[in-house]
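Chemist: Just need the structure, nothing else, for what follows:
(2 chains)
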Amino acid sequence: MPYVQLTPWDLLLASLLLIIPAAISIFLKLGLEKSLLIATIRTVVQLSLLGLVLNWVFAADRWYFVVPMLLVMFVAASRAAIGRSKWRFPNAYLTAFFSLVLASSLTTFAVTEIVIKVDHWYEPRYVIPLLGMLLGNGLTGISLSLDRLLSDLVRERGAVEARLALGASLWSATLPWVRDAIRNGMIPIINSMMIVGLVSLPGMMTGQILAGADPIHAVAYQILIMFMIASATALGIICLCLTAFKRISHPEHRISWDKITRA
Amino acid sequence: MPLLNAKNLSWTPPGRNNTKQPLFTNFNLQLYPGESLAVEGSSGSGKSTLLRCLCLLEPVVDGKIFWRGTPVGAQNVRAFRNRAVYVHQRPIAIAPRIDENLEYARQVTQSLFHGEIEPLSSAQQRTLLDRLGLADIEITRNFDDLSLGEQQRVALVRCLTTQPDILMLDEPTASLDPKNAARVEELIHEYLTEKPDERAAIWISHQQDQLQRVTTRRISMAPFSAAN
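Modeler: Take a look at the predicted model:
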């Protein structure tokens, strides 16, 4: 069977599926109808726009189309990463932005240049989707780590200060909670590497198979992307945690507690 | 020369508005070896905050602290805190198990002084625990499983592990029964008189009779408005 292209009418037909969650919401008075409606519209609008933009960027195939697109993705990802955390530190958005830029660019370009060997470094067909997947996972990791780091430090303030009062360095005094925070951000990717293929077919692989790719080839790309996500997430988390630590540290070996604020 | 010299300390509660009243301003303190100083004042007068300022856990708004004549700053604050240990009012686990708590204090001292100052060995720590009525405590137990009174005594041994020159004691017997409070008083007295030309203590306590027994001099934290 050849690849079936979906028309707007097909999608309209498929949207009837949403009657089910809507009906449940109305019947059980969950109050989700409005959110569901907005979410539906946003899904359609955002993805249609993305489709148009991608179409355009792919056709143009110029770095000065690709780079601004990546920038928008970085900004959106860093906003989402910090937005999900209940705690803030000074310049949190900027820190998340640079952590994500560094972690995902390094990983993406290393792979596209060395492993995939693309024709030119900005090859949009590879760079944009790969980087997007790294950002999506990276921002989850970053927000989990940041939230854990700052909430643990606030909760364990007494223990941190009791360690400092003995003459410990700020790094040594906070290390157990820094470790926990980094671990917390890494757990989702490690868990999904554990169960990938057993429980669900990953989205990217599913897409490639639907588009007619040989499952073996799709699997190869999925393995590649899992490795990339693990590397980029770890790198992003480390960057963010160390920078956050630096920002809330006082040279006189104490935490500037007033710099940790609630969102 | 005083062990500790605090000059013109001021502290204001953190907050955006500058309208907040300072808790104390232009506070001066000189602590000489052999002294045992009582800090008096009603609840909320800033006694604990003063101790926290003295060991730079609290950002001092204004003023300077000198340790044996040297100003304390980023370079030497760790060594200073190790020599002038603040014993928190509420005992807190700094690691899960009792032995890990005691080990941490030993390691910090070793990493700071590399043998120049010997922290207590685990045998010496055990002796102190025994003296404080904790002979039956299994040292591998979790700190958090102990009673408050037991925690307070373990925390004191943890602080004494660094063999500090100054003990800043924030109600060290608050959760203890009279018998164990007497043991703590006796131990601290012995510790100070062992090297009277090197060691000193600052006490915060709400028990007048205790301050009478253990201190040699008193200062009081007057409320800011009264000081003006």
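Chemist: Quick one: neighbours of residue 207, just the number.
Modeler: Here I'm looking at chain A. By other Cβ atoms under 10 Å in any protein chain shown, 14 other residues sit near A:Gly207. Any C-beta I mention is one placed from the backbone N, CA and C, and that applies to glycine too.
Chemist: wait, chain B
Modeler: 14.
Chemist: nearest residue to it other than its sequence neighbours?
Modeler: For B:Gln207, ignoring the flanking residues on the chain, the nearest one in space by Cβ to Cβ, 6 or more residues apart in numbering or on different chains is B:Thr173 at 7.7 Å.
Chemist: quick one: that neighbour and B:Arg213, what's the gap?
Modeler: 11 Å (Cβ to Cβ, to the nearest Å).
Chemist: where does the closest residue to B:Gly63 other than its chain neighbours fall, helix, sheet strand or coil?
Modeler: With Cβ to Cβ, 6+ apart as the measure, B:Leu9 is the residue that lies nearest to B:Gly63, at 3.7 Å, once sequence neighbours are left out. Per DSSP: H, G, I helix; E, B strand; the rest coil, the local secondary structure of B:Leu9 is strand.
Chemist: So B:Ile219: helix, strand or coil?
Modeler: strand.
Chemist: tell me which parts of chain B are close to chain A?
Modeler: Proximity of chain B to chain A, by Cβ under 8 Å from any Cβ of the partner chain, involves residues B:14, B:55-57, B:59, B:73-74, B:77-83, B:85-88, B:90, B:92-94, B:104-105, B:108-109, B:112, B:155, B:158-159, B:162.
Chemist: Where does the stretch 51-200 of chain A get nearest to chain B, which residue?
Modeler: A:Gly167 (2.9 Å; Cβ to the nearest Cβ).
Chemist: That residue touches B:Asn82, doesn't it?
Modeler: Yes - between A:Gly167 and B:Asn82 there is a contact under Cβ atoms under 8 Å: 2.9 Å.
Chemist: what's the overlap in contacts for the two?
Modeler: Listed contacts common to A:Gly167 and B:Asn82 are B:Val108, B:Thr109, B:Leu112, B:Thr162; contacts here mean Cβ atoms under 8 Å, 6 or more residues apart in numbering or on different chains.
Chemist: In terms of helices and strands, where is the first one?
Modeler: In this assignment (DSSP states H and E), B:Val108 forms part of helix B:98-113.
Chemist: Residues contacting that helix, please?
Modeler: So helix B:98-113 is contacted by A:163, A:166-168, A:172, B:78-79, B:82, B:93-95, B:117, B:119-122, B:125, B:137-143, B:146, B:154-155, B:157-159, B:161-163 (Cβ under 8 Å, 6+ apart).
Chemist: Not counting the least confident helix or strand in chain A by mean pLDDT itself, show me its contacts.
Modeler: Lowest by mean pLDDT, DSSP states H and E among the helices and strands of chain A is helix A:203-210, with a mean of 89. The contact list for helix A:203-210 (Cβ under 8 Å, 6+ apart) reads A:Tyr3, A:Pro129, A:Met133, A:Leu201, A:Pro215, A:His217, A:Ala218, A:Val219, A:Tyr221, A:Gln222, A:Ile225.
Chemist: Count the neighbours of the nearest residue to the first one once chain neighbours are set aside for me.
Modeler: Yep, that's A:Tyr3 we're talking about. The spatial neighbour of A:Tyr3 that comes closest, neighbours along the chain excluded (Cβ to Cβ, 6+ apart), is A:Gly212 at 4.9 Å. When neighbours are counted by other Cβ under 10 Å, A:Gly212 registers 10.
Chemist: correct me, but B:Lys47 touches B:Ile204?
Modeler: Yes - under the criterion of Cβ under 8 Å, B:Lys47 makes contact with B:Ile204 at 4.7 Å.
Chemist: list residues touching both of these two?
Modeler: Between them, B:Lys47 and B:Ile204 share the contacting residues B:Val39, B:Asp170, judged by Cβ under 8 Å, 6+ apart.
Chemist: count of neighbours near A:Leu164?
Modeler: When neighbours are counted by other Cβ under 10 Å, A:Leu164 registers 27.
Chemist: Give me the nearest residue to it, chain neighbours excluded.
Modeler: A:Ala173 (4.9 Å).
Chemist: give me the residue from chain B nearest chain A.
Modeler: Taking Cβ to the nearest Cβ, chain B has B:Asn82 as its residue nearest chain A, at 2.9 Å.
Chemist: That residue touches A:Leu166, doesn't it?
Modeler: Yes - counting by Cβ under 8 Å, A:Leu166 is a contact partner of B:Asn82 at 6.3 Å.
Chemist: quick one on the thing from earlier: of A:Gly167 and B:Asn82, who's got more company?
Modeler: A:Gly167 (27 against 24).
Chemist: On the three-state scheme, that one is what?
Modeler: coil.
Chemist: ok, now which ones touch it?
Modeler: A:Gly167 makes contact with B:Arg78, B:Ala79, B:Phe80, B:Arg81, B:Asn82, B:Arg83, B:Val85, B:Val108, B:Thr109, B:Leu112, B:Thr162, according to Cβ under 8 Å, 6+ apart.
Chemist: now with 7 Å?
Modeler: If you count contacts by Cβ atoms under 7 Å, 6 or more residues apart in numbering or on different chains, A:Gly167 has them with B:Arg78, B:Ala79, B:Arg81, B:Asn82, B:Val108, B:Thr109, B:Leu112, B:Thr162.
Chemist: And the residue of chain A positioned farthest from its centre, what's its pLDDT?
Modeler: In terms of distance from the mean C-alpha position of chain A, A:Leu166 ranks first, at 39.3 Å (Cα atoms, centre = their mean). We have a pLDDT of 97 for A:Leu166.
Chemist: That one and B:Tyr86 touch, don't they?
Modeler: No - using Cβ atoms under 7 Å, A:Leu166 is not in contact with B:Tyr86, being 9.0 Å away.
Chemist: What is the neighbour count of residue 206?
Modeler: You didn't say which chain, so I picked chain A. Neighbours of A:Thr206 (other Cβ under 10 Å): 13.
Chemist: Oops, wrong one, chain B.
Modeler: 13.
Chemist: Assumed it was part of a strand.
Modeler: No - counting by three-state DSSP, B:His206 is not part of a strand but coil.
Chemist: Quickly note the distance from the closest residue in space to it that isn't next to it in sequence to B:Ala155.
Modeler: Leaving out its chain neighbours, the residue that sits closest to B:His206 by Cβ to Cβ, 6+ apart is B:Glu171, at 6.9 Å. According to Cβ to Cβ, B:Glu171 and B:Ala155 sit 12 Å apart.
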